[in-house]
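Trainee: Let me see the structure of the following:
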Amino acid sequence: MQYLPCGIRNILLSAVAVSACFALTSCGTTCVAGVFANGTGTVLVKNSPSPTACPFSTGMGTMNVAAAKSQICETCPVPGRAQHIFVTLTSIQLHSVFPRSANNPEWVELAPELLREPRQIDLLSGSGPEVLVDSARIPAGTYHELLLQFLPDSAAASDGSIANPCGKSRNCMLLAGGRIEELHFSGDGDAPKLLLPLQYNGSSALAVVPGATVDLRLTLQPQQVPVVSPSEGWQVRYVLVGSASVSR
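Mentor: Residues are numbered from 1 along each chain as shown. All right, here's what the predicted structure looks like:
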């Protein structure tokens, strides 16, 4: 009779015991795997004549992503007061760290429709968060980063499907005095992007169990950064920064 190398009771009660059991996922002809988050999880057990195959499925979870709206700073000096912050998204991807398999790619695209039709949103004003992803199906596993990609300024200006109040730029701040300030990113040029670590209960990784629904909340805002160039000397640029955390 086949049996597990450690009891199911110990698996459910101890994260250390779970790690030990994972190291023995092909003991005999029994494969064991699990995905856990804060004491909640799933243990999968499968007997197989070929231990190295372990052909079980880890299941699927669901994810929603929304961007929080900031309020206009009424106490800021009028010339530098932002009225709108526009960004144009082309991709939202999760970075997977577990499990690694052909059926679970390292990067999981949450909004494939943005590749066909980029979406411009205003990070200021509005009564509620901007929903970016609604009920996206993702493989159960562990994720630790969210990658946002934005439409570059080099995109064809003739594309009438994209509103562009930023003039020549695709991502900008509109100030109260009518001035337009371009937003900059860590990947400026042809591939502007922003990489956000996932934060949950002090951890830098997020576990998604089969059947679970996870709500991510993005906080994005411009930050003044001094830069120097040989031709123009010292300048202040507005760089987009942010964070991604589980919304309760």
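Trainee: Low-confidence ranges, the protein, go.
Mentor: 1-58, 74-75, 77-79, 99-105, 156-163, 187-190, 248 (pLDDT under 70).
Trainee: Which parts of it are strands?
Mentor: For the chain, the strands defined by DSSP state E occupy 30-37, 40-47, 60-67, 82-98, 107-109, 119-122, 130-139, 141-150, 172-175, 180-184, 193-199, 206-208, 213-229, 233-246.
Trainee: out of those strands, deepest packed?
Mentor: strand 206-208 (a mean of 23; mean count of other CB atoms under 10 Å). In short, each C-beta sits where N, CA and C put it, glycine included.
Trainee: Give the pairing partners of that strand; include direction for each.
Mentor: Applying DSSP bridges to the sheet, strand 206-208 is found paired with strand 141-150 (antiparallel).
Trainee: Run the angle between the partner strand and strand 233-246 for me.
Mentor: 140 degrees (axes from the mean of the first three to the mean of the last three CA atoms, to 10 degrees).
Trainee: and for stretch 115-132, what are the contacting residues?
Mentor: 64-72, 82-92, 109, 111, 151, 155, 161-164, 170, 217-218, 220-221 (CB atoms under 8 Å, 6 or more residues apart in numbering).
Trainee: same deal with stretch 178-189?
Mentor: 79, 85, 87, 150, 152-153, 166-167, 169, 171-175, 192-195, 222, 225, 237-240.
Trainee: Apply 6 Å and report the result again.
Mentor: With contacts defined as CB atoms under 6 Å, 6 or more residues apart in numbering, stretch 178-189 is touched by Gly167, Ser169, Asn171, Cys172, Met173, Pro192, Lys193, Leu194, Arg237, Tyr238, Val239, Leu240.
Trainee: Please apply the same query to stretch 135-143.
Mentor: Contacts of stretch 135-143 with the rest of the structure, by CB under 6 Å, 6+ apart, involve 35, 58-63, 94, 96-99, 104, 108, 110, 205-210.
Trainee: now do 8 Å
Mentor: 35, 42, 58-65, 94-99, 103-104, 108, 110-111, 198, 205-210, 212-213.
Trainee: End to end on stretch 127-143, go ahead and measure it.
Mentor: In terms of CA to CA, to the nearest Å, the two terminal residues of stretch 127-143 are separated by 30 Å.
Trainee: Surely Thr88 and Arg170 touch.
Mentor: Yes - Thr88 is within contact range of Arg170, at 4.6 Å (criterion: CB atoms under 8 Å).
Trainee: what bridges to the closest residue to Asn171 other than its chain neighbours?
Mentor: Leaving aside its chain neighbours, Asn171 sits nearest to Leu183 (4.3 Å; criterion: CB to CB, 6 or more residues apart in numbering). Beta-bridge pairing of Leu183 under DSSP bridges involves Tyr238.
Trainee: State the distance from Leu183 to Pro118.
Mentor: Remark: distance between Leu183 and Pro118 (CB to CB, to the nearest Å) = 15 Å.
Trainee: what do you get for Thr90?
Mentor: Per CB to CB, Thr90 is found 5 Å from Pro118.
Trainee: Quickly list the domain ranges of this protein.
Mentor: Domain assignment for the chain, taken from automatic domain parsing, gives 8-47, 60-246.
Trainee: show me what contacts Val239?
Mentor: Val239 makes contact with Leu183, His184, Phe185, Ser186, Pro222, Gln223, Gln224, Val225, according to CB under 8 Å, 6+ apart.
Trainee: These: which two are farthest apart?
Mentor: Ser186 and Gln224 (15.7 Å; CB to CB).
Trainee: Would you quantify the distance from the residue nearest to Cys73 when sequence neighbours are not counted to Val214?
Mentor: Counting by CB to CB, 6+ apart, the nearest residue to Cys73 once its immediate chain neighbours are dropped is Arg81, at 6.0 Å. From Arg81 across to Val214, the span is 35 Å (CB to CB).
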